[in-house]
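[1] Sharing a model that was predicted from the sequence below.
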There are 4 protein chains.
Amino acid sequence: MASEFKMTHRVEFADTDMAGLVHFANYLRYMEVAEHAFLRTLGLSIAMEQKHGVGWPRVHASCDYVAPLRFEDEVEIHLKVREKKGKALTYDFLFRRVKPEPVLEVARGRITTVCVSRDGSGQMKAVPIPDAVARKIEVAP
Amino acid sequence: MASEFKMTHRVEFADTDMAGLVHFANYLRYMEVAEHAFLRTLGLSIAMEQKHGVGWPRVHASCDYVAPLRFEDEVEIHLKVREKKGKALTYDFLFRRVKPEPVLEVARGRITTVCVSRDGSGQMKAVPIPDAVARKIEVAP
Amino acid sequence: MASEFKMTHRVEFADTDMAGLVHFANYLRYMEVAEHAFLRTLGLSIAMEQKHGVGWPRVHASCDYVAPLRFEDEVEIHLKVREKKGKALTYDFLFRRVKPEPVLEVARGRITTVCVSRDGSGQMKAVPIPDAVARKIEVAP
Amino acid sequence: MASEFKMTHRVEFADTDMAGLVHFANYLRYMEVAEHAFLRTLGLSIAMEQKHGVGWPRVHASCDYVAPLRFEDEVEIHLKVREKKGKALTYDFLFRRVKPEPVLEVARGRITTVCVSRDGSGQMKAVPIPDAVARKIEVAP
């Protein structure tokens, strides 16, 4: 059972915009990168459709931006499982800058993702999280 | 004085991901496209740094996803000014699908953006919204 | 039978990078947007997998960058069909800036895309372009 | 003096498109990530504008796509310095898939980037590569 995960990410040039900062939409991509890396540590993949017949569309994402990130900054992304429901997971994310100088709080984010299966026509329906997945993930203390 | 704006956007191929849906981070880009088009209708540009000496980093962004968007869907983005403070603006966004079949609520989003100036070292500081900007924008009823 | 297509595109904020210019990878996205709009004028969609059983991965893309593009520039993208082979199409693209001041040649690009079908395991194999598609497209003079 | 560089990159979910493959424009981003990592190994950064007064816009980019890349694939990017001229550098890139199964040639790419300085109005002009940069980079055998 795992409930949190940390990784370090370097800001790439293409992630910046003309203001010289990481574009605000890219923080959601960074959160997703951490989420998928967390799942890999559990032997899981967000691409479970072939193995478990389920997908994970998002129903909520948010971010509060406290300090800017710039090209080549190294940022630590700290994921915590906030909530585990029958058909949905909510993750909290804390961004810290590690380099060049530490910044304790760069941003805070949240993603809620729901477990779905698709019928023949591609329509998605929320379904219980497969047990093989659910038993590996627990809410952070 | 303007308080709302509507535009239509077509989902491009590169906006989709392997789940066949618009990637969730791209909704923030779509909101921004609508925000900038709204400002252009007022004769303004988010790129005010040369003209007014200010930039507009985001302090908050969020999105609730209700129904999926797919390639070539046409989506109406409806922006409303939710809050106008001395140094910050908050916009609400409602996404509706127009084509192929209408979907009344695809997503709802919010962005709070703060007016800043930069000192010589690039440090940003919140400053009052320039009057030439503030007098053109009002809170939606 | 159609052999060329023009469209106008406005540079969005998220397309820029910290150098203040459109990031060079985004020109490929712009070419693709023009290609898909061209196909729509013919009643076609790049997403032909459901209707015609084929997909269109790229085998070549290139771009020569002559003058920069910046935020809110309006750029005309001129697509010409350069080559039509049994299983592949090659498009040439000319980028012109329309606003703020005209620039006759901003960039030139090329995409070669191949018609494929997938077998049960997802393996792709080049196949002849479906006649319903091929008969609508011809090489530009 | 360095003339080549290798790195491994994992394909992220947001890099894929609805065809289930890495979107073709993202290969240019991957090449750039390798280029910047190469420069960092030399104590350099593409963001030289503050330190050396120069920037590095691209004048050419191309890619030949041989085999697809998918989510969570690990790809080795092998950069070689192809040409070093007074004001420009050309890099060649070879993409190999490392996981899940090796693929010896996934794609081949090329970027030519030119050294520029900007005048007061932001106009760019090609200038000689600063000696502190040029003396660290040599053409691969």
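    Received the coordinates, thanks. Numbering: from 1, shown residues only, chains lettered A, B, ... in the order given.

[2] surely A:Val75 meets A:Pro68?
    No - using C-beta atoms under 8 Å as the test, A:Val75 is too far from A:Pro68 to be in contact (11.0 Å). C-beta coordinates here come from the backbone N, C-alpha and C atoms, glycine included.

[3] which neighbours do those two share?
    Common neighbours of A:Val75 and A:Pro68, using C-beta atoms under 8 Å, 6 or more residues apart in numbering or on different chains, are A:Val106.

[4] do the lowest-mean-pLDDT helix or strand in chain A and chain D meet at all?
    One helix or strand of chain A scores below all others by mean pLDDT, DSSP states H and E: helix A:49-52, with a mean of 74. No - Helix A:49-52 is not in contact with chain D by C-beta under 8 Å from any C-beta of the partner chain; minimum separation 10.3 Å.

[5] following that helix, which helix or strand comes up?
    strand A:58-65 (DSSP states H and E).

[6] Show the secondary-structure elements that the next helix or strand after that next one is packed against.
    Later in the chain than strand A:58-65, the nearest helix or strand by DSSP H and E is strand A:74-84. Under the contact criterion of 3 or more C-beta pairs under 8 Å, 6 or more residues apart in numbering or on different chains; DSSP states H and E, strand A:74-84 touches strand A:4-10, helix A:26-41, strand A:88-99, strand A:103-114.

[7] Same list (those) but as JSON lines, adding mean pLDDT.
    JSON lines is the format used below for these (pLDDT from 0 to 100):
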{"stretch": "strand A:4-10", "mean pLDDT": "98"}
{"stretch": "helix A:26-41", "mean pLDDT": "97"}
{"stretch": "strand A:88-99", "mean pLDDT": "98"}
{"stretch": "strand A:103-114", "mean pLDDT": "97"}
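
[8] sorry, back to before: can you show me the CA trace of the least confident helix or strand of chain A as PDB?
    What follows is helix A:49-52 as a C-alpha-only set of coordinates in PDB (Å, rounded to 0.1, in the frame of the first residue of the first chain):
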ATOM      1  CA  GLU A  49      -7.500  -0.200 -20.600                       C
ATOM      2  CA  GLN A  50      -5.900  -3.300 -22.200                       C
ATOM      3  CA  LYS A  51      -5.100  -5.100 -18.900                       C
ATOM      4  CA  HIS A  52      -8.000  -4.000 -16.600                       C
END
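
[9] List the contacts of A:Gly86.
    A:Pro128, A:Ile129.

[10] Might you enumerate the residues of chain A proximal to chain C?
    Counting by C-beta under 8 Å from any C-beta, the residues of chain A near chain C are A:Phe13, A:Ala14, A:Thr16, A:Asp17, A:Met18, A:Ala19, A:Gly20, A:Leu21, A:His23, A:Ala25, A:Arg70, A:Phe71.

[11] Dump the helices and strands packed on strand A:74-84 to JSON lines, plus mean neighbour count and distance to D:Ala47.
    What follows is these, written out as JSON lines (neighbours: other C-beta atoms under 10 Å in any protein chain shown; distance: least, C-beta to C-beta, whole Å):
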{"stretch": "strand A:4-10", "mean neighbour count": "16", "distance to D:Ala47": "13"}
{"stretch": "helix A:26-41", "mean neighbour count": "21", "distance to D:Ala47": "17"}
{"stretch": "strand A:88-99", "mean neighbour count": "19", "distance to D:Ala47": "14"}
{"stretch": "strand A:103-114", "mean neighbour count": "19", "distance to D:Ala47": "19"}
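
[12] would CSV of these with distance to chain D be doable?
    Output for these, formatted as CSV (distance: least, C-beta to the nearest C-beta, whole Å):
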stretch, distance to chain D
strand A:4-10, 9
helix A:26-41, 5
strand A:88-99, 12
strand A:103-114, 12
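
[13] closest to chain B out of these?
    helix A:26-41 (3.8 Å; C-beta to the nearest C-beta).

[14] And the contacts of that closest one?
    A:2, A:5, A:7, A:9, A:15, A:45-46, A:61, A:63, A:65, A:75, A:77, A:79, A:91, A:93, A:95, A:107, A:109, A:111, A:113, B:24-25, B:28, D:12-14, D:72.

[15] could you check the angle strand D:4-10 makes with it?
    Relative orientation of helix A:26-41 and strand D:4-10, computed by axes from the mean of the first three to the mean of the last three C-alpha atoms, to 10 degrees: 80 degrees.

[16] Give me the angle between helix A:26-41 and strand A:88-99.
    Going by the same axes, to 10 degrees, helix A:26-41 makes 110 degrees with strand A:88-99.

[17] Export helix A:26-41 to PDB, keeping only CA atoms.
    Output of helix A:26-41 as PDB, limited to C-alpha atoms (Å, rounded to 0.1, in the frame of the first residue of the first chain):
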ATOM      1  CA  ASN A  26       2.000  22.800 -17.800                       C
ATOM      2  CA  TYR A  27       1.700  22.400 -14.100                       C
ATOM      3  CA  LEU A  28      -1.200  20.000 -14.800                       C
ATOM      4  CA  ARG A  29       1.100  18.000 -17.100                       C
ATOM      5  CA  TYR A  30       3.800  17.900 -14.300                       C
ATOM      6  CA  MET A  31       1.200  16.600 -11.900                       C
ATOM      7  CA  GLU A  32       0.200  13.900 -14.300                       C
ATOM      8  CA  VAL A  33       3.800  12.900 -14.800                       C
ATOM      9  CA  ALA A  34       4.100  12.400 -11.100                       C
ATOM     10  CA  GLU A  35       0.900  10.500 -10.900                       C
ATOM     11  CA  HIS A  36       2.000   8.100 -13.600                       C
ATOM     12  CA  ALA A  37       5.400   7.600 -12.000                       C
ATOM     13  CA  PHE A  38       3.700   6.900  -8.700                       C
ATOM     14  CA  LEU A  39       1.500   4.200 -10.400                       C
ATOM     15  CA  ARG A  40       4.600   2.700 -12.000                       C
ATOM     16  CA  THR A  41       6.200   2.300  -8.600                       C
END
